Every structure is written in C-alpha cells, then in structure tokens.
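**Q** With the input below, show me the fold.
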Amino acid sequence: MTDTPIRLSPSGPVIGKVASTGPGARLRLVEATTPMAGSLAIPNEPAVISPDGFGVSNPLVLTLDAPKEKLSYRANLSLDVINTSTNEGGEILLYLDISLDGGANYTNRAKNLHIINSAPTDAEARQMQVWLPLTLGSALGVSDTAPPGSIKLRARANRVVASGALVNSQSASQGSSPISDLNGTIHMQLEECL
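**A** Modelled structure (predicted):
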C-alpha cells in the first residue's frame, strides 16, 4: 500500500510521499458548501447557479490558479430539489462549465439529467448530482506553452419541458406549481490531481 499526497486547500502543504503517487492522487481542492434559501423556480433556460438564485450577478464559481496540462482535473456539483407540482415527473438538467480565460468564456464539460417524480397529493425531493470525471488538463484546453492564469468552474441548471407527463411549466401543467424549492445544500468542488 502506498501513501498518496493530498493538499486540503489550494495553498496548503502536500501531505504524503510525492514519489509514490498513483492516478487520481489529489494535489489541490477548492470547494463551496452553501444553503440556497427561498422557494426558487428553476428556469426553463440554463442559468448559472448562485446562493441567491439563478442568472444573478454573483454566481458560485470555484477557481484553481496556475493549472497544468499534464495534471488532471475533476469536479462535481450536488444540490437538493423538491418537485412541488402535481406533475408525475419533472426533468432537471445540471451542467458543469470550465473557463480558462478568467471567466469571460465558459465551455460545458459535463451535464446530467434527473427525473423528480411527484404525485397529485404529494411532493418528492431528491439530491441531484453532476460529475466531471478525471480529465487531463490538456483535454480541457490547458497548455503549458501559453498557460492560463486559472481554471474556473461554474454550474448551471434548467428544467426541461418535455412531451407527455414530463412537463414542468405552469402554463403546460394547468396552473400548478413548477419544479421549485432549492431549499437545501449546494456543494460544488474542483480538484487538481496527479
């Protein structure tokens, strides 16, 4: 069994024997955990997630400075959603986007669809997640010949209006409530790995 080095914060010391690393050994981690209060309808179009809602001026963004093309990166987002509508099902899409130019432009790198069922007399809640698997910096566009100042991660969400019973909009569901109530914990993290 070998020791794997980890660094518990972006600027913290490496713990362990660097010479005995394996794939996926964590070097740096940046993360945020925050409540998202209020009863907030998830928008129809993909919108940036923030502690205050969607598409607002203070999106939840994680940053790791000085990324390297030969290192790997992975990320994940999890949050809680309640379907308070009378629809039999609701579709929610989550996205993880990466920026290498300081946040001016983002590229979607992962997305995941979740179905949250509901019944006419009951609501259903569940945790939703999306993962960016372990990916080389070079595959994300990082180049050591013209190194970016940072790698940034943001998350987006939207509800999908689909055919049949999988309808979420108020107008399409005869005035019932849309998928709403992001009243739980948002957790997002970005890791740099060997």
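
**Q** just checking, what packs against the helix or strand hosting L93?
**A** Assessed by DSSP states H and E, L93 sits inside strand 89-99. Under the contact criterion of 3 or more C-beta pairs under 8 Å, 6 or more residues apart in numbering; DSSP states H and E, strand 89-99 touches strand 72-83, strand 107-117, strand 124-136, strand 150-160. Just so you know, the C-beta spots here come from the backbone N, C-alpha and C atoms, and that holds for glycine as well.

**Q** so which of these gets nearest A47?
**A** strand 150-160 (6.0 Å; C-beta to C-beta).

**Q** What strands line up against the helix or strand of the chain with the lowest mean pLDDT, and which way round?
**A** When the helices and strands of the chain are compared on mean pLDDT, DSSP states H and E, strand 53-54 comes out lowest with a mean of 76. According to DSSP bridges, strand 53-54 forms sheet pairs with strand 47-50 (antiparallel).

**Q** pLDDT weak spots in this protein?
**A** Judged by pLDDT under 70, the chain has its weakly predicted residues at 1-24, 36-40, 84-89, 117-126, 161-184.

**Q** ok, the residue nearest to V160 when sequence neighbours are not counted to D97 distance?
**A** Leaving aside its sequence neighbours, V160 sits nearest to E91 (C-beta to C-beta, 6 or more residues apart in numbering; 4.0 Å). Separation of E91 from D97 (C-beta to C-beta, to the nearest Å): 20 Å.

**Q** okay, those two: which has more neighbours?
**A** The neighbour comparison of E91 against D97 (other C-beta atoms under 10 Å) goes to D97, with 22 against 18.

**Q** what sits against that one?
**A** Applying C-beta atoms under 8 Å, 6 or more residues apart in numbering, we find D97 in contact with Y106, T107, N108, R109, L153, R154, A155, R156.

**Q** is the closest residue to the second one other than its chain neighbours in a bridge, and if so with what?
**A** It stands for T107. With C-beta to C-beta, 6+ apart as the criterion, T107 has its nearest non-adjacent residue at 5.6 Å, and that residue is I98. Beta-bridge partners recorded for I98 (DSSP bridges): T107, L153.

**Q** thinking again about what came up before, same for the helix or strand just after the least confident helix or strand of the chain, what does it pack against?
**A** Downstream of strand 53-54, the first helix or strand assigned by DSSP H and E is strand 61-65. On a contact count with 3+ C-beta pairs under 8 Å, 6+ apart, strand 61-65 meets strand 26-35, strand 150-160, strand 185-193.

**Q** P51 is nearest to which of those?
**A** Of all those, strand 26-35 comes closest under C-beta to C-beta, at 4.8 Å.

**Q** what are the pairing partners of that closest one, and which direction each?
**A** strand 185-193 (antiparallel).

**Q** want to throw the helices and strands packed on strand 89-99 into CSV with mean neighbour count and distance to G55?
**A** Shown next, in CSV, are the helices and strands packed on strand 89-99 (neighbours: other C-beta atoms under 10 Å; distance: least, C-beta to C-beta, whole Å):
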stretch, mean neighbour count, distance to G55
strand 72-83, 22, 16
strand 107-117, 15, 16
strand 124-136, 15, 18
strand 150-160, 22, 9
